[in-house]
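Enquirer: here you go, sequence then predicted model.
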Amino acid sequence: MINRRASVAILMALSLVTTFCSHSRAQSQTATTETEVWPEVDAHVQLPSRFRVLAFAGTQQGVGFPYQQWYVAAAVAYQLRPILKPHLKNIDPDKEHHLVFGGGYEFLRTIQSGKTKDEDRLDLDGTFGFRLPAEFLVRDRNRVEFRWVNGVYSTTYRNRVTAERDFLVRGFRFSPYGSAEFFYDGAKNSWNQEWYSAGVQWPCKRLLMLDTYYLRQNCPSCNPANLNVAGVTLNFYFRNGNK
């Protein structure tokens, strides 16, 4: 049975995300708002000694306006301090540790209104995770990106906080979550972008997980300034030398 207090807490968390989105939308009623679709495929390879390799590729496609971005990336991370508090084990090994830190490389190509922009990106990040009562998982990811956009260098700091819970109902697993992410643009010396999202992850055994979500982007310096995103990510998990 699903714990009633846990269900109420998740609904409150999702309501909070919706409230943030509505508030930000009200502040920028005159700004342009567009819709995008973000499909992505991720491959997670768990290695011995708590190392993890991640490779992913995806695209961002404008719906009804000329925008397309595709990207590929690879990263390696190290997992520290396993979470020992009793809970339903998550399919993602990163979520079973209090601290995960690592780095990677990403290449992005953006085509908008006939103009092409290439970006090379190196990133370093650390994610802190802990379990709350009722088996809630809270994770705080801090990331620094070193970016070269058409050869012009800049840095971006990103902070994302996510709250989620794994459920098992008659053998069926799912994980609702909500998150908020804030961006600091080093070139402009300002917090100029916000992402609010809510979604559900659908794991299947220990091999794959489908992540479906809605995301709201608010960015006064971007074009368009606001985005409504329908996203889906297919995650594959491979384990080398681990049961």
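Expert: Perfect, I can see it now. Residues are numbered from 1 along each chain as shown.
Enquirer: tell me the spacing between the residue nearest to Asp118 when sequence neighbours are not counted and Arg121.
Expert: Spatially, and ignoring its direct neighbours in sequence, Asp118 is nearest to Arg109 (5.4 Å; CB to CB, 6 or more residues apart in numbering). To be clear about C-beta, it is placed using only N, CA and C from the backbone, and glycine gets the same treatment. Per CB to CB, to the nearest Å, Arg109 is found 12 Å from Arg121.
Enquirer: give me the more crowded residue out of the two.
Expert: A count of neighbours by other CB atoms under 10 Å puts Arg121 above the other of Arg109 and Arg121, at 17 against 14.
Enquirer: neighbours of the closest residue to that one other than its chain neighbours, just the number please.
Expert: Nearest non-adjacent residue to Arg121, counting by CB to CB, 6+ apart: Glu106, 4.4 Å away. Neighbours of Glu106 under the rule other CB under 10 Å: 17.
Enquirer: hang on, isn't Glu106 packed against Gly58?
Expert: No. Between Glu106 and Gly58 there is no contact under CB atoms under 8 Å: 10.5 Å.
Enquirer: mind pulling the model confidence for Cys222?
Expert: Each residue has a pLDDT score; the one for Cys222 is 88.
Enquirer: residue contacts, it?
Expert: By CB atoms under 8 Å, 6 or more residues apart in numbering, the contact set of Cys222 is Gln193.
Enquirer: from Tyr177, how far out is it?
Expert: According to CB to CB, Cys222 and Tyr177 sit 25 Å apart.
Enquirer: also His97?
Expert: His97 sits 17 Å away from Tyr177, taking CB to CB as the criterion.
Enquirer: for Gln217, same thing?
Expert: In terms of CB to CB, Gln217 sits 17 Å off from Tyr177.
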